[in-house]
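> With the sequence up front, the predicted model follows.
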Amino acid sequence: MAEPMKIRATMAGDTADIKCLMNHIMETGQRKDAKTGQVIPAHFIQTVTATLNGKTVLDAAWGIAISKNPFLGFRVKGAKAGDKVVISWEDNKGDKNTAEAAIA
Amino acid sequence: MNPMRRTFLKGTGAAGTVAVAIAAGLLKPSGVLAAEWPKASFESKNVADALKGVGASGPVESKDILIKAPDIAENGAVVPVEVTSKVAGTESIIILVEKNNNPMVASFNLSNGAEGYVSTRIKMAQTSGVRVAVKAGGKTYTAAKEVKVTIGGCGG
């Protein structure tokens, strides 16, 4: 099940600095279980979308080489305090999660 | 004691189902999801093929791409990477690790005022160049930075 994710969005001049921490195991599918010797199936976030006031500002495709519990930071010019940031992801098993925050 | 335990398990089971229903229905992202995941790119074994798969071929070396990553990463499973592109009209930033089994790490498409900047944490199997490609105005620019890895972050 999808765990909560954290978003912190702050203004620096006329640019919004948005940071997001997601909870995901990001399993590569290349590791083996130490006890059984079976390959642990891949389980990782594939697509991430971020919107600002409903407009897409970032859409990303991720592979297995993004670290566990991924961190994502990006900047948007021309944003204002109070603007709504929504970040959502979907993984290779169809799990999804969405979080939103207002720019401080 | 036993019946109580049964009831408890049943209760938690039901709560779990509700949570799944909420995740599937109510929290569904209302916007259009990202473009299709470029499978071929992520599965390719070399940098050139990976770039081709996301429509970024014929990259030109550029000094306008700044890569901030540690010179020596103690733990290859978590290598912080910060990319700043000063290329005018940066549309997407692609991060690759040259010596990973599959070099493609991630691609970020930027739009509607998003600056040429992304920051994330990546896994590296061994000491390798971290390569960044930037797409802008139909052209591809690239830069790389060497990161020494003490303990690999893939396999094991």
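Here it is on my side, so go on. Residues are numbered from 1 along each chain as shown, chains lettered A, B, ... in the order given.

> and the residue of chain B nearest chain A?
When distances are taken as Cβ to the nearest Cβ, chain B reaches nearest to chain A at residue B:119, 3.3 Å away. Heads up, the C-betas are built off the backbone N, CA and C, glycines and all.

> And the pLDDT at the residue nearest to that residue when sequence neighbours are not counted?
Spatially, and ignoring its direct neighbours in sequence, residue B:119 is nearest to residue A:73 (3.3 Å; Cβ to Cβ, 6 or more residues apart in numbering or on different chains). Per-residue confidence (pLDDT) for residue A:73: 97.

> Let me know the helix or strand that residue A:73 is in.
Taking DSSP states H and E as the criterion, residue A:73 maps to strand A:71-77.

> so where is chain A shaky, pLDDT-wise?
Within chain A, the ranges that satisfy pLDDT under 70 run A:1-2.

> can you tell me which residues contact the residue in chain A that chain B sits nearest to?
Residue nearest to chain B within chain A: residue A:73 (3.3 Å; Cβ to the nearest Cβ). Listed by Cβ atoms under 8 Å, 6 or more residues apart in numbering or on different chains, the contact set of residue A:73 reads A:17, A:18, A:19, A:20, B:82, B:117, B:118, B:119, B:120.

> Could you verify my assumption that the last one touches residue B:95?
Yes. Contact between residue B:120 and residue B:95 holds when scored by Cβ atoms under 8 Å: they sit 7.5 Å apart.

> Which residues does the residue nearest to residue B:119 form beta bridges with?
residue A:19, residue B:119 (DSSP bridges).

> Distance of it relative to residue B:125?
According to Cβ to Cβ, to the nearest Å, residue A:73 and residue B:125 sit 24 Å apart.

> Am I right that residue B:40 is in a strand?
No. Counting by DSSP: H, G, I helix; E, B strand; the rest coil, residue B:40 is located in no strand; its state is helix.

> which ones are touching residue A:100?
A:7, A:84, A:85, A:86, A:87.

> Surely it is within a strand?
Yes. Residue A:100 forms part of a strand when assessed by three-state DSSP.

> Now do the strands in chain B.
Under the criterion DSSP state E, chain B contains strands at B:60-61, B:65-68, B:72-75, B:79-85, B:90-97, B:104-110, B:114-122, B:128-136, B:139-151.

> Okay, buried residues for the third one please.
In this case it means strand B:72-75. By 16 or more other Cβ atoms under 10 Å in any protein chain shown, the buried positions in strand B:72-75 come out as residue B:73.

> Next, the residues that contact it from outside, please.
Contacts made with strand B:72-75 from outside it, assessed by Cβ under 8 Å, 6+ apart, are listed as B:79, B:124, B:147, B:148, B:149, B:150, B:151, B:153.

> and residue A:11, how many residues sit next to it?
Neighbours of residue A:11 under the rule other Cβ atoms under 10 Å in any protein chain shown: 15.

> Please report how far it lies from residue B:51.
Taken as Cβ to Cβ, the span from residue A:11 to residue B:51 is 35 Å.

> give me the beta-bridge partners of the residue positioned nearest the centre of chain B?
Taking Cα atoms, centre = their mean, the centroid of chain B lies closest to residue B:106, which sits 3.1 Å from it. Beta-bridge partners for residue B:106, by DSSP bridges, are residue A:62, residue B:95.

> Contact partners for it?
Residue B:106 makes contacts with A:60, A:61, A:62, A:63, A:65, A:66, B:94, B:95, B:120, B:122, as judged by Cβ under 8 Å, 6+ apart.

> Tell me the confidence at it?
97.

> What distance do you get for it to residue B:119?
In terms of Cβ to Cβ, residue B:106 sits 12 Å off from residue B:119.

> Residue A:66 is in contact with residue A:44, correct?
Yes. Using Cβ under 8 Å, residue A:44 is in contact with residue A:66, at 7.1 Å.

> the more surrounded of the two?
More crowded of residue A:44 and residue A:66, by other Cβ under 10 Å: residue A:66, with 25 against 21.
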